[in-house]
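Asks: Sequence and computational prediction follow.
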Amino acid sequence: MNIAIVGTGYVGLVTGTCFSEMGVHVTCIDVLEEKINNLKKGILPIYEPSLDEMVMRNHQAGRLNFTTDLTSCLDDVEIVFSAVGTPPDEDGSADLKYVLEVARSIGKHLNKYILVVTKSTVPVGTAQKVKATIQEELDKRGVSVKFDVASNPEFLKEGDAIDDFMKPDRVVVGVDSEKAKELMGKLYKPFMMNNYRLIFTDVPSAEMIKYAANSMLATRISFMNDIANLCELVGADVNMVRKGIGADTRIGHKFLYPGCGYGGSCFPKDVKALIKTAEREGYSMKVLNAVEEVNEKQKRILFQKLLQYFKGNLRGKRFALWGLAFKPETDDMREAPSLVLIDMMVNAGAIVKVYDPIAMNECKRKIGEIVEYASCMYDAVLDADALILVTEWKEFRLPSWGVIKRTMNTPLILDGRNIYDEKELKDLGFKYSGIGKNKSLIL
């Protein structure tokens, strides 16, 4: 089977590589020539564990190819996936200009039946716009070529994307023709061998499923952060609360971990876009508006704890920050809580030294030299007045606390992900504060 994927960002590259791993012949297209040339050399634009090895293996085998020219492969493929970016517009709605550019290009050069599949996260109704755009270009050419448009939203977690794609808990496909359903069923058949679910829906429902899923997960996070903040005020321990409610099978344990806010390329963007979709229909998403408000406040929670401890004066204080990426196993810093915290600390006159196993270069690209960059996690805490954990990378889980205590100026730990044992740290002479734990702010 031959397919093309337009867009070699996170979704497009993972999708194309995983399909090629299953024997599909894939052509990945991107307008950036430098990116395509780098991909041919095995230089990836993103970090995802094991993805570079898989890209090189399939490229060398001839199953995964890269080009800047979509038109060169249109006559040879059965399916074209559109996996280009849908960045938030100024009002928070999804910007579809890249999606529609792909549709126009297809319409200008289409000569035979093809299935166009939207892989990007797009608002309900986008497939109709894609179909109308392609048809408009065909009409301009005065040609009649049949085509279908489908929706196949991605459900990839950064850091686990390959497993998510190769062993999906479900694959959602929105179609409006039997031919489109047959093609997508054929393409995904190798992934369904172990009874994973292939769910066919109408196209608008598939488009809505992606937004609804991410918004539900964001809601659970913000709910637990709200509960955590109340736990601190009343003297409860949010970890005990989380275990207690998670034991209810109707609720479950996933995404009930409180922290210093969610970030990334999906949750913030998709919550905003769904809110805007509702507004265009004259409806207010009251729950999601609250979810967004809670999350923005939660990104400031560690700064507020610092201010409280140092009685409102951070000027000249040195702080170590562990973790920059919005989550472990990625270098993605889009909407990362670390960016909000750094900005607030620097504006308050603090000196900030940061360390992340993967995202240091991305941080330099985003904010430059307003912080100091440590050579390792222990270098970051040298002479620090507090150690602040923002991203729960595995290497941060069992540090040498004795070394850290000797090198710090003030033995204060702010645990933004609740990964440390409060009693252990206090027994070692540290002052400790987590999120939502027994009024644990030792101030």
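Replies: Looks like it arrived, so ask away.
Asks: where does the closest residue to Tyr113 other than its chain neighbours fall, phi/psi-wise?
Replies: Of all residues not flanking Tyr113 in the chain, Lys146 sits nearest, at 4.9 Å (C-beta to C-beta, 6 or more residues apart in numbering). For glycine as for every other residue, the C-beta is placed from the backbone atoms N, C-alpha and C. Per-residue torsions, Lys146: phi -80, psi 150 (degrees, to the nearest 10).
Asks: any idea how far Lys146 is from Ser105?
Replies: Distance, Lys146 to Ser105, by C-beta to C-beta, to the nearest Å: 18 Å.
Asks: same deal with Leu398?
Replies: From Leu398 to Ser105 the distance is 52 Å (C-beta to C-beta).
Asks: Which one's more surrounded, those two?
Replies: Between Leu398 and Ser105, Ser105 has the larger neighbour count (other C-beta atoms under 10 Å), namely 20 against 9.
Asks: Can you tell me the SS state at the more buried one?
Replies: On the three-state scheme (DSSP: H, G, I helix; E, B strand; the rest coil), Ser105 is labelled helix.
Asks: For it, which non-adjacent residue is spatially closest?
Replies: In space, and not counting its chain neighbours, Ser105 is closest to Leu70: 5.5 Å by C-beta to C-beta, 6+ apart.
Asks: Does that neighbour touch Ile5 like I think?
Replies: No. The pair Leu70 and Ile5 fails to qualify as a contact (C-beta atoms under 8 Å) at a distance of 10.1 Å.
Asks: which residues are common contacts for the two?
Replies: 29, 80 (C-beta atoms under 8 Å, 6 or more residues apart in numbering).
Asks: And these two? Which one has more around it.
Replies: Using other C-beta under 10 Å as the criterion, Leu70 and Ile5 rank with Ile5 on top: 29 against 20.
Asks: Which positions in the helix or strand that contains the more buried one come out as buried?
Replies: Ile5 belongs to strand 2-6 when assigned by DSSP states H and E. The neighbour-count check on strand 2-6 (16 or more other C-beta atoms under 10 Å) flags 3-6 as buried.
Asks: from those, which single one is nearest Lys353?
Replies: Using C-beta to C-beta, Ile5 comes nearest to Lys353 of the buried residues of strand 2-6, at 40.5 Å.
Asks: what residues does stretch 36-43 touch?
Replies: 8, 13, 28, 30, 44-45, 52, 55-56, 59, 66-68.
Asks: let's see it at 10 Å
Replies: 8, 13, 16, 28-30, 32, 34-35, 44-45, 52-53, 55-57, 59-60, 64-69 (C-beta atoms under 10 Å, 6 or more residues apart in numbering).
Asks: Mind checking which of those residues land in helices?
Replies: Counting by DSSP state H, these place 13, 16, 34-35, 52-53, 55-57, 59-60 in helices.
Asks: Show me the shaky parts of the stretch 1-150 of the chain.
Replies: Low-confidence segments of the stretch 1-150 of the chain (pLDDT under 70): none present.
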